[in-house]
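Trainee: Sequence isn't available, so here's the structure alone:
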């Protein structure tokens with residue numbers, strides 16, 4: 001089945017996506033289920049493939065939910081990519097300290113990721129909102145939400161502020177467990193405004209590609 005069907009419906013309305021899934025994708029999914037159940041009966045329950053099939057077949061209703069709702073995407077890749085930023089720093093913050101600390105961490109992640117999904121700088125947005133919210137009319141709080149927020153001159157300066165550190169492409173490749181050559185190809189299409197920089201290696205005098213923290217996020221999104 002692959003992703004040919006889902007990819008061709010990007011940008012269509014909910015009704016159009018639902019109709020295409022029902023006519024084109026649903027028969028393929030039905031064939032897949034029939035084949036899996038037939039093949040599963042030929043395998044030992046101790047086989048790794050059998051365990052994988054059992055895992056999917058037990059969740060078949062949840063898996064096929066996307067066929068009946070045009071809003072649902074076939075994968076959760078967007079959520080997985082959002083979690084990669086947390087994985088990069090997990091060695092630095094192994095413990096939240098308490099249940100309340102964990103709840104606060106989850107709240108902060110929700111704010112940051114929501115800002116990113118709306119293509120705004122989380123640091124500039126949070127700094128601006130925290131500076132304005134005390135005097136902001138309660139009846140207009142919705143104007144501070146990420147999808148309604150309008151940058152102020154102060155927030156624009158925060159967005160353009162110099163980064164506190166950069167990481168070379170070799171270091172980023174190790175962090176992301178990716179091939180350096182692959183990241184290099186992606187970085188060639190990025191600009192300084194994407195927080196992708198060219199710096200001089202003081203040890204050998206060679207120019208190398210480096211990224212700020214925001215640049216790493218942009219790199220993950222591009223990959």
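Mentor: Received, thanks. Just so it is clear, the structure is predicted and the values come from calculations on it, not from any experiment.
Trainee: what's the neighbour count on residue 219?
Mentor: A count of neighbours around residue 219, defined by other C-beta atoms under 10 Å, yields 23. Using the backbone N, CA and C atoms, a C-beta is placed for each residue, glycine as well.
Trainee: surely it meets residue 173?
Mentor: No - counting by C-beta atoms under 8 Å, residue 219 stays clear of residue 173, with 10.0 Å between them.
Trainee: Quick check: neighbours shared by these two?
Mentor: residue 183 (C-beta atoms under 8 Å, 6 or more residues apart in numbering).
Trainee: Please identify the buried residues of stretch 15-27?
Mentor: 17-18, 20-21, 25 (16 or more other C-beta atoms under 10 Å).
Trainee: From residue 32, how far off is the residue of the chain positioned farthest from its centre?
Mentor: Distance from the C-alpha centroid of the chain peaks at residue 42, with 38.5 Å (C-alpha atoms, centre = their mean). Residue 42 sits 16 Å away from residue 32, going by C-beta to C-beta, to the nearest Å.
Trainee: Then residue 167?
Mentor: Applying C-beta to C-beta to residue 167 and residue 32 gives a distance of 42 Å.
Trainee: How far does the helix or strand hosting residue 115 sit from its chain's centre?
Mentor: Assigned by DSSP states H and E, residue 115 belongs to helix 99-117. Distance of helix 99-117 from its chain centroid, counting by C-alpha atoms, centre = their mean, to the nearest Å, is 14 Å.
Trainee: quick one: buried residues of that helix?
Mentor: Buried residues in helix 99-117, counted by 16+ other C-beta under 10 Å: 112-113, 115-116.
Trainee: go on, stretch 25-36?
Mentor: For stretch 25-36, by 16+ other C-beta under 10 Å, it's 25, 29, 36.
Trainee: what residues go with each domain of this protein?
Mentor: What automatic domain parsing lists as the domains of the chain is 4-67, 77-159, 167-222.
Trainee: These: lowest mean pLDDT?
Mentor: For those, mean pLDDT drops lowest on domain 167-222, to a mean of 73.
Trainee: quick one: terminal-to-terminal distance for it?
Mentor: 17 Å (C-alpha to C-alpha, to the nearest Å).
Trainee: Same check on stretch 35-44?
Mentor: 16 Å.
Trainee: what's that stretch in contact with?
Mentor: Counting by C-beta under 8 Å, 6+ apart, 49-50, 53-54, 56-57 sit against stretch 35-44.
Trainee: buried ones in it?
Mentor: Buried, per 16+ other C-beta under 10 Å, within stretch 35-44: 36, 40.
Trainee: Please compute how far that stretch lies from its chain's middle.
Mentor: 35 Å.
Trainee: Can you show me the strands along the protein?
Mentor: Listed in chain order, the strands of the chain (DSSP state E) span 167-168, 196-200, 207-211.
Trainee: Just checking: what are the partner strands of the last one?
Mentor: Looking at strand 207-211 with DSSP bridges, its partner strands are strand 167-168 (antiparallel), strand 196-200 (antiparallel).
Trainee: on that earlier part again, will you turn the buried residues of helix 99-117 into TSV that also has distance to residue 103?
Mentor: Shown next, in TSV, are the buried residues of helix 99-117 (distance: C-beta to C-beta, whole Å):
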residue	distance to residue 103
112	15
113	16
115	19
116	21
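Trainee: Can you tell me which of those comes closest to residue 73?
Mentor: When these are ranked by distance to residue 73 (C-beta to C-beta), residue 113 comes first, at 16.4 Å.
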